[in-house]
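# I would like the atomic coordinates for the input below:
(chains A, B, C and D)
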2 protein chains.
Amino acid sequence: MSIQPAGSSIVPEFRVGSRLYTLYSGWAFRYKTLSDGRRQILNFLLPGDLIGLQEEFVDQSTHGVEALTAVGLCEFPRDGLWDLFRQKPELGYQITWLAAREEHLVDENLLSAGRRTAAERVAMLLVHLYRRAERVGLVTESRTEFPLTQQHIADALGLSLVHTNKTLRQLQRLGLHSIDGGYLTLEDPHAIARIADWVDRPMRRQPLI
Amino acid sequence: MSIQPAGSSIVPEFRVGSRLYTLYSGWAFRYKTLSDGRRQILNFLLPGDLIGLQEEFVDQSTHGVEALTAVGLCEFPRDGLWDLFRQKPELGYQITWLAAREEHLVDENLLSAGRRTAAERVAMLLVHLYRRAERVGLVTESRTEFPLTQQHIADALGLSLVHTNKTLRQLQRLGLHSIDGGYLTLEDPHAIARIADWVDRPMRRQPLI
DNA sequence: CGACATGTTGAGATGGATCAACACTTGTGG
DNA sequence: CCACAAGTGTTGATCCATCTCAACATGTCG
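Just a heads-up that it's a prediction; the model follows:
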């Protein structure tokens, strides 16, 4: 396993033939940028998530991956995914599981960016990340580490930084959540979930790779 | 293989335990809706695309799939994906290939919805769909069947129907494209690609399932 | 023929963008 | 130790891209 510091680039946005990892510890995110610099964060990565699967199939890396905190990475063997599928079909199945789940995350984010208002997007992001963190055991005493800056939130939601700030403050003033000292608390989980139009769907237990 | 008419629902938006198919012929799309009816189209499906993979892993279907034209569907064996991976790892590998590629499509759409202007989104959608159609042999004489209504385009781009119409007309007036009689032509592929900030990236040959 | 889906266009309203300041913290070099 | 720059968060004022509302045209289908 290798360790990388917060803010470092795990997969550069344009690059040929990178490797496949699982995120063992820490937070990261996938992103794309337009040629004039506008950036969209595609989804956030929590422990257990896969990094670099698309690069295996698309010849050029089309998104970057960056560390939000210090991260631990677990690298897959170099000899190719195809061999892995042949030799350990169970592992192949689990990789597909993770790929389908990540697509599900992007689906949710696209629904937000395309159809939700600013307040709904922010609420959705907070609830969604909180529940994901919860599922991988990152929540203690009703709060979770929350290493995103407002710029990250804005880039994830397709909003401007300024409007993101105003919307966050608005929700916080309503007593829905608080972000303090790098930790997120859902002060009124029911209300914030209602705003986000969030329904907690059961997912199968996550495979351990 | 089964056939379904245009406009029919292939996978309803909320449903437990549906099946896995490949789209053999025709056009379809995946979508999600908020509880008040706002709809977001996640991506369009062309021949060779997979339908229903997420349902295999998420216990409840979280997106619907609808046919745009009459479609031919090829159903995977009922006995479960896990057996398939074990017995035919090559097929498993190709399924993962397709899953990663579909995620790549959703990534692109999220970038559009989050960061592109209306004109850029429309340009991107037209170029992207045209190139995809081209890749599966649906382009003849520089045009492709184009079964989307403006409502579909609006729902895919996160725009209102009215603004979608005005933007389409604007691009058409500039001589960038034309949509006529259910067919799309890129009149000025270079210009429209520039607006879309589109770069044609090579992809590996698509596996035939 | 009427009902309905689809496309088109103008006018006015508005959510969110942009611009501009400023506060606070952290790190860095002198 | 201070001076300064850079990153982050906050807030008000103004602007504009897009939304909403409204009306109408066209084509299809029963």
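# if you count residues, which helix in chain A comes out on top?
helix A:89-115 (DSSP state H).
# Specify the beta-bridge partners of the closest residue in space to A:Gln172 that isn't next to it in sequence.
Spatial nearest neighbour of A:Gln172, excluding adjacent residues (Cβ to Cβ, 6 or more residues apart in numbering or on different chains): A:Ser178 at 5.9 Å. All C-beta spots, glycine's among them, are computed from the backbone N, C-alpha and C. With DSSP bridges applied, A:Ser178 shows beta-bridge pairing to A:Thr185.
# I'd say A:Ser178 and A:Asp188 touch.
No - shown here, A:Ser178 and A:Asp188 do not form a contact pair, counting by Cβ atoms under 8 Å, at 10.3 Å.
# Pull up the per-residue confidence for the residue nearest to the spatial centre of chain A.
Nearest to the geometric centre of chain A sits A:Phe44, at 1.2 Å (Cα atoms, centre = their mean). On pLDDT, A:Phe44 comes in at 98.
# ok, it - contacts?
A:Trp27, A:Ala28, A:Phe29, A:Leu68, A:Leu129, A:Arg132, A:Leu148, A:Ala156 (Cβ atoms under 8 Å, 6 or more residues apart in numbering or on different chains).
# what residues are up against the residue nearest to A:Gln172?
A:Ser178 touches A:Gln172, A:Leu184, A:Thr185, A:Glu187, counting by Cβ under 8 Å, 6+ apart.
# same check, this time on A:Tyr21
For A:Tyr21, the contact set (Cβ under 8 Å, 6+ apart) comprises A:Ile10, A:Leu50, A:Ile51, A:Gly52, A:Leu73, A:Cys74, A:Glu75, A:Phe76.
# what's across from it in the sheet?
A:Ile51, A:Glu75.
# got the residues of chain A near DNA strand C?
A:Thr117, A:Ala118, A:Ala119, A:Gly158, A:Leu159, A:Ser160, A:Leu161, A:Val162, A:His163, A:Thr164 (Cβ under 7 Å from any atom of the strand).
# Going through those residues, which ones are buried?
A:Ala118, A:Ala119, A:Gly158, A:Leu159, A:Thr164 (16 or more other Cβ atoms under 10 Å in any protein chain shown).
# can stretch A:176-195 be found next to DNA strand D?
No - using Cβ under 7 Å from any atom of the strand, we find that stretch A:176-195 stays clear of DNA strand D, coming within 7.6 Å at best.
# and A:Arg39, how many residues sit next to it?
Neighbourhood size, A:Arg39 [other Cβ atoms under 10 Å in any protein chain shown]: 18.
# Surely it touches A:Tyr31?
Yes - assessed by Cβ under 8 Å, A:Arg39 is found in contact with A:Tyr31 at 5.7 Å.
# picking up where we left off before, pick out whichever of the buried ones among the residues of chain A next to DNA strand C sits closest to B:Val199.
A:Gly158 (20.9 Å; Cβ to Cβ).
# now that closest one, nearest residue through space, not along the chain?
With Cβ to Cβ, 6+ apart, the residue lying closest to A:Gly158 is B:Gly114, at 3.1 Å.
# show me the contacts for the one you found.
So B:Gly114 contacts A:Gln40, A:Ala113, A:Leu157, A:Gly158 (Cβ under 8 Å, 6+ apart).
# Kindly recompute the last result at 10 Å.
By Cβ atoms under 10 Å, 6 or more residues apart in numbering or on different chains, the contact list for B:Gly114 reads A:32, A:38-42, A:109-110, A:112-114, A:121, A:154-159, B:158.
# can you check A:Leu168 too?
A:Ala118, A:Ala119, A:Val122, A:Leu125, A:Leu126, A:Gln150, A:Ile153, A:Ala154, A:Leu176, A:His177, A:Ile179.
# related to what we said a few turns ago, list only those of the contacts of A:Ser178 flagged as buried.
When the contacts of A:Ser178 are checked for burial by 16+ other Cβ under 10 Å, the buried set is A:Leu184, A:Thr185.
# What is the nearest of the contacts of A:Ser178 to chain B?
Minimum distance to chain B across the contacts of A:Ser178 is 21.8 Å, recorded for A:Leu184 (Cβ to the nearest Cβ).
# The nearest residue to that closest one once chain neighbours are set aside: neighbouring residues, count only.
In space, and not counting its chain neighbours, A:Leu184 is closest to A:Phe146: 3.7 Å by Cβ to Cβ, 6+ apart. Using other Cβ under 10 Å, A:Phe146 has 21 neighbouring residues.
# ok so, going back, can you list residues touching both of A:Ser178 and A:Asp188?
In contact with both A:Ser178 and A:Asp188: A:Leu171, using Cβ under 10 Å, 6+ apart.
# Identify the residues contacting the nearest residue to A:Arg38 once chain neighbours are set aside.
For A:Arg38, ignoring the flanking residues on the chain, the nearest one in space by Cβ to Cβ, 6+ apart is B:Arg115 at 4.3 Å. Applying Cβ under 10 Å, 6+ apart to B:Arg115 gives the contacts A:32-34, A:36-40, A:113, A:155, A:158, B:121, B:197.
# redo that, cut-off 8 Å
A:Leu34, A:Arg38, A:Arg39, A:Gln40, A:Gly158.
# quick one on the thing from earlier: quick check: buried residues in the helix or strand following the longest helix of chain A?
As assigned by DSSP states H and E, the chain's next helix or strand after helix A:89-115 is helix A:118-135. Buried positions in helix A:118-135, judged by neighbour count with 16+ other Cβ under 10 Å: A:118-133.
# Spatially, which two of those are the most separated?
A:Ala118 and A:Ala133 (22.6 Å).
# Which parts of chain A belong to which domain?
With domains defined by automatic domain parsing, chain A comprises A:2-96, A:112-196.
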